[in-house]
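Engineer: Attaching a predicted model along with its sequence, questions to come.
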Amino acid sequence: DTAVSQTPKYLVTQMGNDKSIKCEQNLGHDTMYWYKQDSKKFLKIMFSYNNKELIINETVPNRFSPKSPDKAHLNLHINSLELGDSAVYFCASSQEGTVAPQNEQFFGPGTRLTVL
Amino acid sequence: GENVEQHPSTLSVQEGDSAVIKCTYSDSASNYFPWYKQELGKGPQLIIDIRSNVGEKKDQRIAVTLNKTAKHFSLHITETQPEDSAVYFCAAEKLVFGKGTKLTVNP
């Protein structure tokens, strides 16, 4: 009955490889997010999708490409991995309305990516 | 864009003492200020939030105060317990996070 789930939990790979992280939420939320948390614990928004459409795309290298096949899923694909991509990646979701105030985000457990 | 500063970066208290974490923000248009607790190996979890139409909100041992004029808000934890040990994040408008405060409650 996990609200926001991510797979895999750990990912170790070589530089230059391509990898994907998957995220699913069963809360019926319409908005999903990807965050990157670096070694100093700094949390930074990368992308936000609302109803499968990209609404926020912060300054992120175009090697990172989010894909939302439906409202419940937001996957993150990373091409040509670099050492600096090593971090913990968190998926989150929330329910946003057109008029409603901002609402709580629910975070997944994170995916620890290590690039060697 | 919005910028959030959070202090202190580390805080160590004795069990039973109070802990206060402070944040400032830059965008006066911001109206929503959540606080998250992140335990080791887990994702952040919302513990309390406040909207700009109120100055204070309390939930048991946790309280948040907001001063819109000064653009700062604070998290107050009373009667701290060892299980309060974690990293705490403030945020403005939900998506812009402070750099976190590592709280250690010593038994």
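Structural biologist: Noted; the coordinates are in hand.
Engineer: nearest spatial neighbour of residue 42, skipping sequence neighbours?
Structural biologist: Unless you meant another one, I'm taking chain A. The shortest distance from residue A:42 to any non-neighbouring residue, by CB to CB, 6 or more residues apart in numbering or on different chains, is to residue B:99 (5.3 Å). C-beta here means a position set from N, CA and C on the backbone, and glycine is covered the same way.
Engineer: wrong one, I was asking about chain B
Structural biologist: Leaving out its chain neighbours, residue B:42 is closest to residue A:109 (CB to CB, 6+ apart), at 6.1 Å.
Engineer: what about the one you found, is that helix, strand or coil?
Structural biologist: Assigned by DSSP: H, G, I helix; E, B strand; the rest coil, the conformation of residue A:109 is coil.
Engineer: Wait, it touches residue B:43, no?
Structural biologist: Yes: under the criterion of CB atoms under 8 Å, residue A:109 makes contact with residue B:43 at 5.3 Å.
Engineer: Neighbour count: the two, which is higher?
Structural biologist: Summary of the neighbour comparison: residue A:109 and residue B:43, criterion other CB atoms under 10 Å in any protein chain shown, with residue B:43 having more neighbours (22 against 17).
Engineer: I'd like to know how far the more buried one sits from residue A:111.
Structural biologist: According to CB to CB, to the nearest Å, residue B:43 stands 10 Å off from residue A:111.
Engineer: tell me, what's touching these two both at once?
Structural biologist: Taking CB atoms under 8 Å, 6 or more residues apart in numbering or on different chains as the contact rule, the neighbours common to residue B:43 and residue A:111 are residue A:90.
Engineer: Skipping adjacent residues, who's closest to the residue in chain A that chain B sits nearest to in space?
Structural biologist: Per CB to the nearest CB, the residue of chain A with the smallest distance to chain B is residue A:107, at 3.3 Å. Using CB to CB, 6+ apart and skipping residues adjacent in sequence, the residue nearest residue A:107 is residue B:43, 3.3 Å away.
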